[in-house]
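Undergrad: below is the sequence, then the predicted model.
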Protein chains: 2
Amino acid sequence: MKVAFQGELGAYSEIAARALFGDVELSPVETFEEVFRAVYAGKCDRGVVPIENSLTGSVHRNYDLLLEHPLWIVGEVKLRIVHHLIALPGVKLKDVKRAYSHPQALEQCRAFLRERKIEPVPVYDTAGAVRILKEKRLKDSAAIASIQAARDYGMDVLVSDIAEHRENFTRFLAVGKEPAGDLKDPKTSVVFALKNIPGALFKALSVFALRDIDLVKIESRPIRGKPWQYMFYLDFEGGMEEERCRRAVDHLGEIATFLRVLGSYDKGREVEDWPYLR
Amino acid sequence: MKVAFQGELGAYSEIAARALFGDVELSPVETFEEVFRAVYAGKCDRGVVPIENSLTGSVHRNYDLLLEHPLWIVGEVKLRIVHHLIALPGVKLKDVKRAYSHPQALEQCRAFLRERKIEPVPVYDTAGAVRILKEKRLKDSAAIASIQAARDYGMDVLVSDIAEHRENFTRFLAVGKEPAGDLKDPKTSVVFALKNIPGALFKALSVFALRDIDLVKIESRPIRGKPWQYMFYLDFEGGMEEERCRRAVDHLGEIATFLRVLGSYDKGREVEDWPYLR
């Protein structure tokens, strides 16, 4: 099995891929789009992407990419994110003027940076920030990333666990070319569009409420070229092998102008203590 | 009247502030948070912030800041965003290896950049990207920003209107210390939290559906410290001076564990042809 993820070695996505699939071959690629393309082209068996952080919210680009590719969601995992301030060996905290990281990581560590007057510098990913430090031999800067990234690049951890809130989880999804089977405790993700008429969303949600199906999440995304119209992404408890779920989705199809089932998959466990995180 | 906005002169927020309030005194600040604080502290009468783009979606940080500050939404405007590739005078398109801009602007011009193998470099705002080019005298780079930013910094427009989709609008909100009055065609924004029980969102939306009140937008944001629980931001047609809207909100209060009315305000016009944009 070969699994694609966005970023570099030490990226949180790599850790999520390992938590989901164990000791498999990993294929780091540059963008989320390449993760989806690698799976669609058959170069990788699975792709793993972040979909939501419990502090900063959804990773909207990946919602859009789910819609743009004919792949299935086949798995989920929730990873506790532990951000560390990482620097070249020998660099002291008082030397650090700038911190490089992904904008979401910078936002999650905003209080820490502001208190110490460290300027946040946004780059495309957390582990990539560590690589930049190393390549440019920056002695007045640090990176915010996983401890695994510090290890991969032979860097020091200056301060551990610097995010503002301890309850910092990122939910990752795995995608594949075939739907997942043999599910134990599934949830299902669908995406749909509605006519722009009063009560449309209320009617759409009624198909679940009338069958006592619990909604886990709703997310709206703009439809390109149609300002102020939205696609709705909905996660609900249960799998498409259950008749009441199938009937609810059929019923939704009567109301929606567009509907696609993105997949049924086992609910992800929360991973907190993991050698790659501590 | 003095109006705070985030960014530098030439920022789209400045153009939105002018479209909303005309020829007033403008106060540029560094962060969205400072916009809210300037109004709350009475240093400015109004603040103007982007809340949603028709291609890339909501500006989630500003949803969070609306909740964190006891201010009212008092106005709205929808601005057509026209991105230009801007460089130092004398620089040719073939010299441009990198493009500096806000991540959302880079995303909106992704196809243009990829085709020309120009590397996107994320910075905190569009007009700031133009300033960086000028200050560092970068001759192998360009910025993506408004034409007003090019004028403010005496720079050249290399290519006009480079975003992928023409239907590119950003919706801006104005905030103030007192609710807006004398409304002609209002909408209302509320934010609420629900018990984590089946059918909760369905019941919440029923208070509007049962009164034929049209929903304009729903947005969910994570609640900090409570992973996988959400605040819902809802915009609906009508103002709180109408009895059916007041009754609907009262009814929502019976269902919600938290509820706040963010304000009733006149629906924003779409601004396309405006000297600052062309």
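TA: Structure received.

Undergrad: do you know how far whichever residue of the stretch 1-150 of chain A sits closest to chain B is from B:Gly128?
TA: Of all residues in the stretch 1-150 of chain A, the one sitting closest to chain B is A:Ser54 (3.8 Å; C-beta to the nearest C-beta). The C-beta positions use only the backbone N, C-alpha and C, and glycine is treated the same way. If you measure A:Ser54 against B:Gly128 using C-beta to C-beta, to the nearest Å, the figure is 30 Å.

Undergrad: same check, this time on A:Tyr124
TA: As for A:Tyr124, its distance to B:Gly128 is 18 Å (criterion: C-beta to C-beta).

Undergrad: same question, A:Ile255
TA: 45 Å.

Undergrad: picking that back up, hmm, A:Phe169 and the residue of the stretch 1-150 of chain A closest to chain B touching each other?
TA: Yes - proximity of A:Ser54 to A:Phe169 meets the contact threshold set by C-beta atoms under 8 Å, at 4.4 Å.

Undergrad: which residues do the two both contact?
TA: B:Pro227 (C-beta atoms under 8 Å, 6 or more residues apart in numbering or on different chains).

Undergrad: and the contacts of the longest helix belonging to chain A?
TA: What stands out as the longest helix in chain A, according to DSSP state H, is helix A:243-255. Applying C-beta under 8 Å, 6+ apart, the contact partners of helix A:243-255 are A:188, A:190, A:192, A:194, A:200, A:203-204, A:207-208, A:211, A:213, A:236, A:238-240, A:259, A:261, A:264.

Undergrad: hmm, try it at 10 Å
TA: A:186-188, A:190, A:192, A:194-195, A:200-201, A:203-213, A:234, A:236-240, A:242, A:256, A:259, A:261, A:264 (C-beta atoms under 10 Å, 6 or more residues apart in numbering or on different chains).

Undergrad: make a ChimeraX selection of the buried ones in these.
TA: A single ChimeraX command selects the buried members of these (16 or more other C-beta atoms under 10 Å in any protein chain shown):
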select /A:186,187,188,190,192,194,200,201,203,204,205,206,207,208,209,211,213,234,236,237,238,239,240,242,256,259,261,264
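
Undergrad: circling back to that earlier point, helices or strands next to the very next helix or strand once past the longest helix of chain A in the packing?
TA: Downstream of helix A:243-255, the next assigned helix or strand under DSSP states H and E is strand A:258-266. Other helices and strands packing on strand A:258-266, by 3 or more C-beta pairs under 10 Å, 6 or more residues apart in numbering or on different chains; DSSP states H and E, are helix A:60-68, strand A:72-80, strand A:169-176, strand A:186-193, strand A:226-237, helix A:243-255.

Undergrad: how does it look with 7 Å?
TA: In terms of contacts (3 or more C-beta pairs under 7 Å, 6 or more residues apart in numbering or on different chains; DSSP states H and E), strand A:258-266 is packed against strand A:72-80, strand A:186-193, helix A:243-255.

Undergrad: look up how far A:Leu55 lies from A:Ala111.
TA: 12 Å.

Undergrad: A:Glu30 and B:Val96: what is the separation?
TA: Taking C-beta to C-beta, one finds A:Glu30 at 20 Å from B:Val96.

Undergrad: now do the same contact list for the residue nearest the centre of chain A.
TA: For chain A, the residue lying nearest the average C-alpha position, counting by C-alpha atoms, centre = their mean, turns out to be A:Pro50 (1.2 Å). When contacts are counted by C-beta atoms under 7 Å, 6 or more residues apart in numbering or on different chains, A:Pro50 touches A:13, A:59, A:62, A:170, A:172.

Undergrad: show me where the stretch 51-200 of chain A has helices.
TA: Listed in chain order, the helices of the stretch 51-200 of chain A (DSSP state H, counting those that start in this stretch) span A:60-68, A:103-108, A:110-115, A:126-136, A:147-152, A:200-209.

Undergrad: okay if I get those as JSON lines plus mean pLDDT?
TA: Below are the helices of the stretch 51-200 of chain A laid out as JSON lines (pLDDT from 0 to 100):
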{"stretch": "helix A:60-68", "mean pLDDT": "94"}
{"stretch": "helix A:103-108", "mean pLDDT": "87"}
{"stretch": "helix A:110-115", "mean pLDDT": "94"}
{"stretch": "helix A:126-136", "mean pLDDT": "94"}
{"stretch": "helix A:147-152", "mean pLDDT": "90"}
{"stretch": "helix A:200-209", "mean pLDDT": "96"}
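
Undergrad: would you turn those helices into JSON lines with distance to chain B?
TA: Shown next, in JSON lines, are those (distance: least, C-beta to the nearest C-beta, whole Å):
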{"stretch": "helix A:60-68", "distance to chain B": "5"}
{"stretch": "helix A:103-108", "distance to chain B": "7"}
{"stretch": "helix A:110-115", "distance to chain B": "9"}
{"stretch": "helix A:126-136", "distance to chain B": "12"}
{"stretch": "helix A:147-152", "distance to chain B": "19"}
{"stretch": "helix A:200-209", "distance to chain B": "4"}
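
Undergrad: and the ones you listed: which comes nearest B:Gly7?
TA: Among those, helix A:103-108 comes nearest to B:Gly7, with 16.2 Å by C-beta to C-beta.

Undergrad: picking that back up, a strand runs through the residue nearest to the centre of chain A, doesn't it?
TA: Yes - judged by DSSP: H, G, I helix; E, B strand; the rest coil, A:Pro50 forms part of a strand.

Undergrad: for the contacts of A:Pro50, pick the one with the most neighbours.
TA: Counting neighbours by other C-beta atoms under 10 Å in any protein chain shown, A:Ser13 leads the contacts of A:Pro50 with 29 neighbours.

Undergrad: so that residue touches A:Val48, yeah?
TA: Yes - taking contacts as C-beta atoms under 7 Å, A:Ser13 lies within contact range of A:Val48: 5.7 Å.

Undergrad: which neighbours do the two have in common?
TA: Residues within reach of A:Ser13 and of A:Val48 at once, by C-beta under 7 Å, 6+ apart, are A:5, A:172.

Undergrad: and the nearest residue to A:Arg260 once chain neighbours are set aside, how far from chain B?
TA: Take A:Arg260 and drop its neighbours on the chain: the residue closest to it by C-beta to C-beta, 6 or more residues apart in numbering or on different chains is A:Val191, 5.4 Å away. Distance, A:Val191 to chain B, using C-beta to the nearest C-beta, to the nearest Å: 14 Å.

Undergrad: low-confidence stretches in chain A?
TA: Chain A contains residues with pLDDT under 70 at A:273-278.

Undergrad: many thanks, have a good one.
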